[in-house]
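Visitor: Sequence first, predicted coordinates after that:
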Amino acid sequence: MHEKSRHDARSLIVDESLAGSRLDHALARVLPELGLRGRKRFIENGWVRVDDRPAAAALRLRAGQRIAILPGPEPAGTPELSVVERCGGYAALLKPAGLHSAALAGGGGPSAEALLPALFPEARPRLLNRLDFLTSGLLLTALDDAAAKAYAALDPLKVGKEYLAVVVGVLAEPLELKRRLDTEDRRRTRVLGKLEPDSRLWTFVWPEAALAGERTLVRVRIHSGARHQIRAHLAAAGLPILGDPLYGEGEAGGLFLHHGGLEFPGFSARCAPSWLDGLERLTSPEDQ
């Protein structure tokens, strides 16, 4: 898909020829360069609205409905991965927002996974974690099979993953988000009323700074991590992440979620998000 067309907002009124079609099939009319898998991922990322509401890829359309394609993050040219830390059989890479972590079957754009052989031509690199398309931050790579097996054998509670995010709302004290997650729907993770007994799937949140516009910079820590865990937990707590098109309002500027810290026995890596210095801070925890 050409970068310019990808980031322009467009809309389509469903006519009789499209009535009864699945949403992901109908999008071929305006997103012909994407394969079916790519169009599904486009919908899952929250960039498509039907009558101003998020919709599933399998939605059967009715005549007269309006399909709107939201602008994606600004194109950054050829995607690049940089090595943040390399130690033993592991390397931590910085993934920019707007790059898939894993390669998609049937198209859908470039991926960090596809770039690994060129970064480590002497190794057998393998991704050990994934980030959402809109999320920036650290991707962990095993450089050989032994390292991959050793990581898989680790107790997940010994793996610490730290994020920075900007949430819409005011948070004055730490939160422990322990409600169970339902990830059966491939598009959207649901937060249930029951508590999750497995602490690996809890989300811990600390306020870092109050921001203009009743927003808060927060630090988030998880262990294993389920799909959309942080995004869904925060939204269910009334603190959607700024720029989240699926769980929030999808404001311009991209998703303000960054995986900035990763540690497990024998390895540690940290990197700050590009947007951090541009925030208009009102207070910090030291001021409170």
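Guide: Right, received. Where do you want to start? Residues are numbered from 1 along each chain as shown.

Visitor: Start and end of stretch 102-114, how far apart?
Guide: Start-to-end span of stretch 102-114 (C-alpha to C-alpha, to the nearest Å) is 7 Å.

Visitor: mean confidence score for that stretch?
Guide: Averaged over stretch 102-114, pLDDT sits at 73.

Visitor: Then stretch 249-256?
Guide: Averaged across stretch 249-256, the pLDDT comes to 83.

Visitor: Quick check: end-to-end length of it?
Guide: Using C-alpha to C-alpha, the end-to-end distance of stretch 249-256 comes to 12 Å.

Visitor: Please identify the buried residues of that stretch?
Guide: Across stretch 249-256, burial judged by 16 or more other C-beta atoms under 10 Å covers 250, 254-256. Just so you know, the C-beta spots here come from the backbone N, C-alpha and C atoms, and that holds for glycine as well.

Visitor: Filter the residues you listed down to the ones in strands?
Guide: Among the buried residues of stretch 249-256, no member falls in strands (DSSP state E).

Visitor: for the residues you listed, which one is nearest residue 188?
Guide: Proximity of the buried residues of stretch 249-256 to residue 188 (C-beta to C-beta) peaks at residue 250, which lies at 13.5 Å.

Visitor: Enumerate every residue touching the closest residue to that closest one other than its chain neighbours.
Guide: Once flanking residues are discounted, residue 250 sits nearest to residue 70: 5.8 Å by C-beta to C-beta, 6 or more residues apart in numbering. Residue 70 sits next to 9, 46-49, 245, 250 when contact means C-beta atoms under 8 Å, 6 or more residues apart in numbering.

Visitor: May I see the ChimeraX selection of the buried members of those residues?
Guide: Restricted to buried positions by 16+ other C-beta under 10 Å, the ChimeraX selection for the contacts of residue 70 reads:
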select :46,47,48,49,245,250
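
Visitor: Please dump the contacts of residue 70 into JSON lines; it should also carry distance to residue 184 and secondary structure for every row.
Guide: Listed next are the contacts of residue 70 as JSON lines, based on distance: C-beta to C-beta, whole Å; DSSP: H, G, I helix; E, B strand; the rest coil:
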{"residue": "9", "distance to residue 184": "31", "secondary structure": "coil"}
{"residue": "46", "distance to residue 184": "18", "secondary structure": "coil"}
{"residue": "47", "distance to residue 184": "22", "secondary structure": "coil"}
{"residue": "48", "distance to residue 184": "20", "secondary structure": "strand"}
{"residue": "49", "distance to residue 184": "23", "secondary structure": "strand"}
{"residue": "245", "distance to residue 184": "21", "secondary structure": "coil"}
{"residue": "250", "distance to residue 184": "24", "secondary structure": "coil"}
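
Visitor: Closest to residue 117 out of the contacts of residue 70?
Guide: Using C-beta to C-beta, the contacts of residue 70 come closest to residue 117 at residue 47, 29.2 Å.

Visitor: Closest one of the buried residues of stretch 249-256 to residue 164?
Guide: Nearest to residue 164 among the buried residues of stretch 249-256: residue 256, at 8.2 Å, using C-beta to C-beta.
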